[in-house]
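In: Could you look at this predicted model? Sequence included:
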Amino acid sequence: MTASARGLACALYRSVRAHAPRSAGALCVAVALQLTVLGTALASFGFSVKAVKGGALVAASLVKPTGLETANGGCAGGSGQTNVSATWTASAEKPDANGNPMINGYKLWRSTTSKGVYSEVGSTGIATSVTDVNPSGAETPQVFVGNGGLKAVHAVKTSTNEGASLTTTGTIGSEPNSIAVNPEGTKVVVAEDASHQLQIITVSTQKVGAAVAIPEVGGVKSRPDAVAITPNGLTAYVVDGANNLVYPITISSGKVGTAIAVGAQGDPGAIVVTPNGEKVYVANYSAHSVSVIATASNTVTATVTIGAAETGKPIALAVTPSSADVYVADQGNGQVDDIATSSNTVAHTIAVGSMADANLASGGDPNILAVTPEGSKLYVASYTAGTVSDIAISTDTVTSTITLPGTTPNPNALALTPNGCQLYVHDHANNQVDAITVSSDEVAASPAVGTSGDPTGMSVTPDSSHVYVANRNGSSVSVIATATNTVSATLAEATVGKEPYAVLATPSQYFYELQAGHGGWQSALGAAVTYTLGFNQGGWQ
């Protein structure tokens with residue numbers, strides 16, 4: 001018998017002797033024998049316990065598990081859902097005194113806030129991965145619709161498709177990338193190019209903040225026409241297309257930072273932030289280049305030439321989840337350039353169909369690139385060619401060219417579901433959306449939508465269940481159910497306002513913690529890891 005077992009047995013004996021007849025001595029002997037058997041097996045465990053969030057569990061002296069990582073879990077179980085995969089490092093603790101694994105099970109817990117109540121979503125034996133199937137519980141996503149010619153933004157609750165008109169002091173105009181949301185889904189930044197300002201909306205209250213003026217320069221009024229938000233949710237980078245500047249905006253205060261000079265712009269503009277938050281890339285359509293801004297200093301650290309002899313016309317950008325590559329749609333040369341972010345040089349050029357769009361005399365469609373969540377594919381829509389190219393990112397080669405149905409199709413926008421399983425292609429010429437199965441590159445359906453504008457805005461809900469399509473010329477928004485690839489609702493002008501150009505679904509953020517166990521004992525919870533569904537769709541999720 002171990003010393004701790006003998007001590008506990010003696011304590012029990014003294015207690016029993018003081019409160020029970022002599023026959024209780026036999027009970028003490030039996031307890032002592034049991035502790036002799038268990039003492040070795042429990043030698044590695046402490047006897048102190050404490051409460052932990054997520055349930056009525058206790059923590060022994062088991063070491064917290066480490067290495068928890070989350071990633072997109074795909075769409076196993078249904079195309080209209082988004083799963084989250086969790087992996088972690090196997091425990092390095094030694095076996096107990098009986099030779100059994102010290103850790104013989106793990107539990108994964110999920111919450112919708114960092115300090116909220118956690119619920120168990122999965123458990124394993126010694127396996128080190130769990131898939132959280134179609135997580136729920138986050139705030140109902142909203143879809144924000146930016147209107148041309150109106151001093152308003154419309155917010156649509158996706159659970160009911162009820163809309164609310166939010167009065168702004170400025171007008172967005174015809175920019176499809178004029179709205180951006182932070183990863184937490186709590187703040188929406190609206191660039192109002194026609195009014196030379198931006199405004200920040202609090203999602204929970206739908207309150208529109210005070211106007212943040214983007215200053216004129218040398219008598220030239222600003223044109224804020226594209227916005228991108230950093231992964232930490234702190235800063236919005238806004239392109240002033242009229243003065244060839246980019247402004248960092250502190251989202252919490254609306255403070256405008258020092259202007260950053262970039263190359264001559266087109267209209268619409270294009271801007272992306274790398275997933276690691278270190279760099280911002282800006283397409284300089286009229287300067288035939290891409291500017292690279294370091295977020296640590298808010299200075300331009302490189303300018304990458306697109307095309308030879310000033311032929312390049314960069315109109316769209318997308319970045320891989322690893323932050324290793326930024327892809328540039330070069331309308332001038334009918335190709336895509338792969339910029340290696342480590343050196344900020346063009347590593348490869350990939351020929352695709354013509355992306356020229358005669359409706360946009362001073363620019364191109366900014367939403368024609370989409371990267372799958374795991375970073376294996378890049379899709380490129382070619383407006384004049386009427387095709388979509390599937391590029392393998394590992395080799396920078398076109399693996400298939402998808403010919404779209406319809407009469408002389410003109411694809412002018414792409415939207416990937418956050419689960420990465422379906423690609424939606426807006427065909428401006430035929431007023432339809434082609435649903436493409438990512439695994440096969442086959443067109444599964446082509447539901448008709450309202451009369452659209454050019455360019456066009458589309459966005460997908462974080463659970464991948466619905467696609468919202470802005471029908472500018474029809475003053476409506478079509479809602480496509482991804483499970484059936486049919487239009488499940490058409491939101492009229494009374495709900496979404498006149499001339500909707502930009503449309504954006506707010507993301508859903510989840511927090512995960514891991515726990516290790518041995519029998520009935522559980523360790524303390526490990527550090528929380530965040531996964532955000534639906535942030536920057538197609539750009540790098």
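Out: Received it, and whenever you're ready, just let me know what you need.
In: How is this structure divided into domains?
Out: The chain breaks down into these domains under automatic domain parsing: 3-41, 48-70+83-129+507-541.
In: which stretches of the stretch 101-250 of the chain form strands?
Out: 105-111, 119-124, 129-132, 142-147, 152-157, 162-167, 179-181, 187-192, 197-202, 207-208, 212-213, 224-229, 235-240, 245-250 (DSSP state E, counting those that start in this stretch).
In: And those strands: which comes nearest V352?
Out: strand 224-229 (22.3 Å; CB to CB). No exception for glycine: its C-beta is placed from N, CA and C like everyone else's.
In: what lines up beside that closest one in the sheet?
Out: Next to strand 224-229 in the sheet, as set by DSSP bridges, lie strand 235-240 (antiparallel).
In: that older thread, got the strands of the stretch 101-250 of the chain as TSV, with mean pLDDT, mean neighbour count and distance to S446 columns?
Out: Shown next, in TSV, are the strands of the stretch 101-250 of the chain (pLDDT from 0 to 100; neighbours: other CB atoms under 10 Å; distance: least, CB to CB, whole Å):
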stretch	mean pLDDT	mean neighbour count	distance to S446
strand 105-111	96	22	37
strand 119-124	94	14	37
strand 129-132	96	18	32
strand 142-147	95	27	22
strand 152-157	96	22	24
strand 162-167	95	15	27
strand 179-181	96	25	27
strand 187-192	96	26	31
strand 197-202	97	21	34
strand 207-208	95	14	37
strand 212-213	96	19	41
strand 224-229	96	27	29
strand 235-240	97	26	33
strand 245-250	98	21	38
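In: right, and V181 touches V188 too?
Out: Yes. Assessed by CB atoms under 8 Å, V181 is found in contact with V188 at 4.9 Å.
In: Mutual contacts of these two, please.
Out: F144, V203, L504, T506 (CB atoms under 8 Å, 6 or more residues apart in numbering).
In: and the last one, backbone torsions?
Out: The main-chain torsion angles of T506 are listed as degrees, to the nearest 10 and equal phi -70, psi 150.
In: In terms of pLDDT, where does the closest residue to G364 other than its chain neighbours sit?
Out: Leaving aside its sequence neighbours, G364 sits nearest to I315 (CB to CB, 6 or more residues apart in numbering; 3.1 Å). Among the per-residue scores, I315 holds a pLDDT of 97.
In: try the one 3 residues further on
Out: A318 is assigned a pLDDT of 97 by the prediction.
In: What residues of stretch 66-80 count as buried?
Out: Neighbour counts using 16 or more other CB atoms under 10 Å place L68, T70, N72, G73, G74, C75, G78, S79, G80 of stretch 66-80 among the buried residues.
In: oh sorry, the question was meant for stretch 318-337
Out: Under 16+ other CB under 10 Å, the buried positions of stretch 318-337 are 318-321, 323-337.
In: May I have it as PDB, with CA atoms only?
Out: Only the C-alpha atoms of stretch 318-337 are listed here, as PDB (Å, rounded to 0.1, in the frame of the first residue of the first chain):
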ATOM      1  CA  ALA A 318      -7.100  36.600 -54.300                       C
ATOM      2  CA  VAL A 319      -4.700  35.200 -51.800                       C
ATOM      3  CA  THR A 320      -4.100  31.600 -50.600                       C
ATOM      4  CA  PRO A 321      -4.900  30.500 -47.000                       C
ATOM      5  CA  SER A 322      -1.200  30.100 -46.400                       C
ATOM      6  CA  SER A 323      -0.500  33.700 -47.400                       C
ATOM      7  CA  ALA A 324       2.200  32.300 -49.800                       C
ATOM      8  CA  ASP A 325       0.600  33.400 -53.100                       C
ATOM      9  CA  VAL A 326      -1.400  36.400 -54.300                       C
ATOM     10  CA  TYR A 327      -3.100  35.800 -57.600                       C
ATOM     11  CA  VAL A 328      -3.700  38.800 -60.000                       C
ATOM     12  CA  ALA A 329      -6.300  38.800 -62.800                       C
ATOM     13  CA  ASP A 330      -4.500  40.600 -65.700                       C
ATOM     14  CA  GLN A 331      -7.300  41.700 -68.000                       C
ATOM     15  CA  GLY A 332      -4.800  43.300 -70.500                       C
ATOM     16  CA  ASN A 333      -3.000  40.000 -71.300                       C
ATOM     17  CA  GLY A 334      -5.700  37.400 -70.600                       C
ATOM     18  CA  GLN A 335      -3.700  35.800 -67.900                       C
ATOM     19  CA  VAL A 336      -3.400  35.300 -64.100                       C
ATOM     20  CA  ASP A 337      -0.100  36.200 -62.400                       C
END
